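Visitor: Output the structure for:
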Amino acid sequence: MLRRFIYLLLIPAGLFIINSCEPTPCLKKPVTFIGFEFYDKASEKVLIKNFVLGKFTIKQNGVVVKDSIGKAVSGFRIELPTESGFVWLGFSDSTGKDSIRLSYNKKISFTDESCGFYYGFSGLKIDSLKGDRLEKADVISDQGDSTKKTHVRIFW
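Guide: Below is the predicted model of the structure:
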């Protein structure tokens, strides 16, 4: 009788231990974005200003990875391209064509056992800024991880 009682206690305790050892599932794998905001070049203050994204193109290693028709936005984020250390963005509409090329150092970060590794970046810099409407661009944060923040201010 005592033996049955002990078994009845040990079986649930054993199941609890086995279940608690299972890995936690990765609910949302971290993704790194590069954040951009548009600002008014004529203002003495830093004022966010909507920019009309006519045709918006993202190229990496000479290959178009995103090509879409946009709308008026004050900012946007793109997923960090991990195949290379640079990205080219093109904006075009009836008033002109503009582009910006950025480079960065990729870095691998570890989240946890269930989600594993993801790419971040450091040393973000502007290699070129060309076009009719874009005046200048400033890097305000040269490092990126899975947090949502602005890295580049574009004045137009």
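
Visitor: thinking Thr95 is in contact with Trp156, fair?
Guide: No - here Thr95 does not reach Trp156: they are 10.9 Å apart, not a contact under CB atoms under 8 Å. Any C-beta I mention is one placed from the backbone N, CA and C, and that applies to glycine too.

Visitor: What is the burial count for Phe121?
Guide: Counted with other CB atoms under 10 Å, the neighbours of Phe121 add up to 22.

Visitor: Specify the beta-bridge partners of it.
Guide: Lys106, Gly144 (DSSP bridges).

Visitor: Relative to Asn50, how far out is it?
Guide: Separation of Phe121 from Asn50 (CB to CB, to the nearest Å) stands at 27 Å.

Visitor: Also Ser84?
Guide: Distance of Ser84 to Asn50, computed by CB to CB: 30 Å.

Visitor: Give the closest residue to Asp93 in space, chain neighbours not counted.
Guide: Gly54 (2.7 Å; CB to CB, 6 or more residues apart in numbering).

Visitor: Could you give the backbone dihedrals for the one you found?
Guide: Here is the backbone geometry of Gly54 (degrees, to the nearest 10): phi -70, psi -90.

Visitor: doesn't Asp132 make contact with Phe91?
Guide: No - using CB under 8 Å, Phe91 makes no contact with Asp132, being 10.0 Å away.

Visitor: Need the residues touching each of those two.
Guide: When CB atoms under 8 Å, 6 or more residues apart in numbering defines a contact, the residues bordering Phe91 and Asp132 alike are 97-98.
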